[in-house]
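Predicted model and sequence follow; I will ask about them next.
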Amino acid sequence: MSGGYKLYGSEGASDRWYFNLAIELPTDKFVDGQIIYQWVTYEDENQSPELTGAVACKIEVGDYSKTSADQWKGVTNLSS
């Protein structure tokens with residue numbers, strides 16, 4: 001399964017990120033209704049607050065129309 005979103009830094013921005021969620025597992029490992037969630041955190045080399053954040057992508061097994069993407073700005077600890 002695969003899903004992705006184009007994320008823009010601000011309204012009207014022309015630059016974007018494309019976040020793609022892709023998982024390869026045997027079919028029997030996927031359970032309908034199970035939520036699969038993947039995220040990345042990012043920062044520039046100077047750790048500027050405006051260029052630091054996280055992006056996450058969610059998909060529900062069995063209903064691929066139930067996907068979403070979230071974006072946070074600033075230092076974000078998604079593992080907690």
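Received, thanks.

Show the low-confidence segments of the protein, by residue range.
For the chain, the stretches flagged by pLDDT under 70 are 1-21.

how does it look with 80?
Counting by pLDDT under 80, the chain contains low-confidence residues at 1-23, 44, 47, 49-50, 64, 75-80.

neighbours around Ala69, how many?
18 (other C-beta atoms under 10 Å). C-beta coordinates here come from the backbone N, C-alpha and C atoms, glycine included.

sec struct for it, please.
Using DSSP: H, G, I helix; E, B strand; the rest coil, the structure places Ala69 in strand.

my guess is it contacts Val55, does it?
Yes - shown here, Ala69 and Val55 form a contact pair, counting by C-beta atoms under 8 Å, at 6.8 Å.

can you give me the strands in this structure?
Using DSSP state E, the strands found in the chain span residues 2-8, 16-22, 35-42, 53-60, 63-73.

what's Thr52 in contact with, if anything?
Tyr42, Glu43, Asp44, Lys73, Gly74, Val75 (C-beta atoms under 8 Å, 6 or more residues apart in numbering).

Excluding chain neighbours, what is closest to it?
Closest residue in space to Thr52, ignoring its immediate chain neighbours: Glu43 at 4.1 Å, by C-beta to C-beta, 6 or more residues apart in numbering.

likewise Glu60?
Lys66 (4.0 Å).

Please work out how many residues are found near the one you found.
Count around Lys66 with other C-beta under 10 Å applied: 13.

likewise Ile59?
Ile59: 22 neighbours (other C-beta under 10 Å).

swap in Gln38?
Neighbours of Gln38 using other C-beta under 10 Å come to 16.

My read is that it contacts Cys57, right?
Yes - with contact defined as C-beta under 8 Å, Gln38 reaches Cys57; the gap is 5.5 Å.

Run a quick neighbour tally on Gln71.
15.

cool, and the one 4 residues further on?
With neighbours defined by other C-beta under 10 Å, the count for Val75 comes to 12.

next one: Lys58
Neighbours of Lys58 under the rule other C-beta under 10 Å: 16.
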